[in-house]
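Peer 1: attaching a predicted model along with its sequence, questions to come.
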Amino acid sequence: MNILVTGANGQLGNGMRLVSKDSKDNYIFTDVAELDITDARAVSRMVSDNDINVIVNCAAYTNVDKAESDAEFAEILNAKAVRNLADAVRANGGTLIHVSTDYVFGGSKGNTPRTEDEPANPTGVYGLTKLHGEQEIERSGVKALIFRTAWLYSEFGRNFVKTMLSLTSTKPELKVVFDQCGTPTYALDLAAAIFDIIENRKFEGNEGIYHYSNEGVCSWYDFTRMIAEYAGNTSCDIRPCHSDEFPSPVVRPSYSVLDKTKYKSTFGMTVPYWTDSLKVCLKNLKENEA
């Protein structure tokens, strides 16, 4: 089977490279240099020329703040390009696996984990364009699995864990918001979940929207405390603060814990606890520095 992975130089794309290295299937990894997914003709040629059976779309416009002033391009990459992928793989009789976000739930609804069938209510351009991507998939009629995830981090690229590692090792004190709660997600865990579904052909007959993040819940403050503790950065005084101390053009979700019951029951899988996965990531980062 031939699998196309877009956005292959990002966190999840790099995770897919690692988990699929010994696969029996043929994985083709592309980023913008190899394939511009905003070009419908280029996408169609790539899919038909390589007889693509599954597309894993890891590409997205993810700069939440910048999207507010760059709405047109965010819409192109997060919605229109998604439709290009959906149309191309549908024409080839294949399946699209697409990654979406907890930001489709922008408004507050208390502290109950979000389920897949809840109405979306994004409060910013990023969440809105990602929701539009989901809607384009539905309108296309393609066979698809959509995975909403949250707070993604890894050994690759720029992310919260790597930023906090640097700050807590160099600053005497640090303020981090405690009034936004969710669940950190290790990109390699999500990549492994997607890989298992492809490798064992579990995508067949299981189309729909699924939530995937690591287990548990924390605030950004708690997350930072654990990053510093596990890394041994004990000299930094980490203090909790309110979100309004860090003005942003976007109202971020105050509680966006994702309910993973559907994923676990459908695919018969367990999900790692967030602190366990954080330790794995930090261990890998340390080994890579050696």
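Peer 2: Here it is on my side, so go on.
Peer 1: bridged to the spatially most central residue of the chain, which residues?
Peer 2: Centre of the chain computed as the mean C-alpha position; nearest residue by C-alpha atoms, centre = their mean is Thr149, 4.8 Å away. Here Thr149 shows beta-bridge partners Thr101, assigned using DSSP bridges.
Peer 1: need phi/psi at the residue nearest to Leu285 when sequence neighbours are not counted.
Peer 2: Distances taken as C-beta to C-beta, 6 or more residues apart in numbering place Glu155 nearest to Leu285, at 5.4 Å, with adjacent residues excluded. The way it works is simple: take the backbone N, C-alpha and C, and place the C-beta from them, glycine included. For Glu155, the backbone dihedrals (degrees, to the nearest 10) come out as phi -80, psi -10.
Peer 1: Glu155 touches Asn284, doesn't it?
Peer 2: Yes: because the distance of 5.2 Å satisfies C-beta atoms under 8 Å, Glu155 is recorded as touching Asn284.
Peer 1: of these two, who's got more company?
Peer 2: Taking neighbours as other C-beta atoms under 10 Å, Glu155 and Asn284 compare with Glu155 leading, 22 against 14.
Peer 1: ok so, going back, wait, what's in contact with the residue nearest to the centre of the chain?
Peer 2: Counting by C-beta atoms under 8 Å, 6 or more residues apart in numbering, Thr149 makes contact with 99-102, 185, 190, 211-213, 258.
Peer 1: ok, now Leu96?
Peer 2: Contact criterion C-beta under 8 Å, 6+ apart gives 54-55, 57, 85-86, 89-90, 137, 142-145 as the residues in contact with Leu96.
Peer 1: what of Pro272?
Peer 2: Neighbour list for Pro272: 186, 189, 214-215 [criterion: C-beta under 8 Å, 6+ apart].
Peer 1: closest to Ser243 among those?
Peer 2: Comparing the contacts of Pro272 against Ser243 with C-beta to C-beta picks out Asn214 as the nearest, at 22.4 Å.
Peer 1: give the contact list for the residue nearest to the closest one when sequence neighbours are not counted.
Peer 2: In this structure, Asn214 finds its nearest non-sequential neighbour in Trp274, 3.9 Å apart by C-beta to C-beta, 6+ apart. Contacts were defined as C-beta under 8 Å, 6+ apart; by that measure Trp274 touches 183-186, 213-216, 218.
Peer 1: sort out for me which of the contacts of Pro272 are in helices.
Peer 2: If you go by DSSP state H, the contacts of Pro272 have Asp189 in helices.
Peer 1: out of the contacts of Pro272, which are buried?
Peer 2: By neighbour count, with 16 or more other C-beta atoms under 10 Å, the contacts of Pro272 hold 186, 189, 214-215 as buried.
Peer 1: phi, psi of Phe147?
Peer 2: In terms of degrees, to the nearest 10, the main-chain angles of Phe147 are phi -110, psi 110.
Peer 1: verify the stated contact: it with Ser213.
Peer 2: No: at 9.7 Å, Phe147 does not count as touching Ser213 under the criterion of C-beta under 8 Å.
Peer 1: and the helices in the stretch 1-150 of the chain?
Peer 2: Listed in chain order, the helices of the stretch 1-150 of the chain (DSSP state H, counting those that start in this stretch) span 11-19, 40-49, 71-75, 81-91, 125-140.
Peer 1: could I get those as CSV with mean pLDDT?
Peer 2: Compiled in CSV, the helices of the stretch 1-150 of the chain are given as follows (pLDDT from 0 to 100):
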stretch, mean pLDDT
helix 11-19, 98
helix 40-49, 98
helix 71-75, 98
helix 81-91, 98
helix 125-140, 98
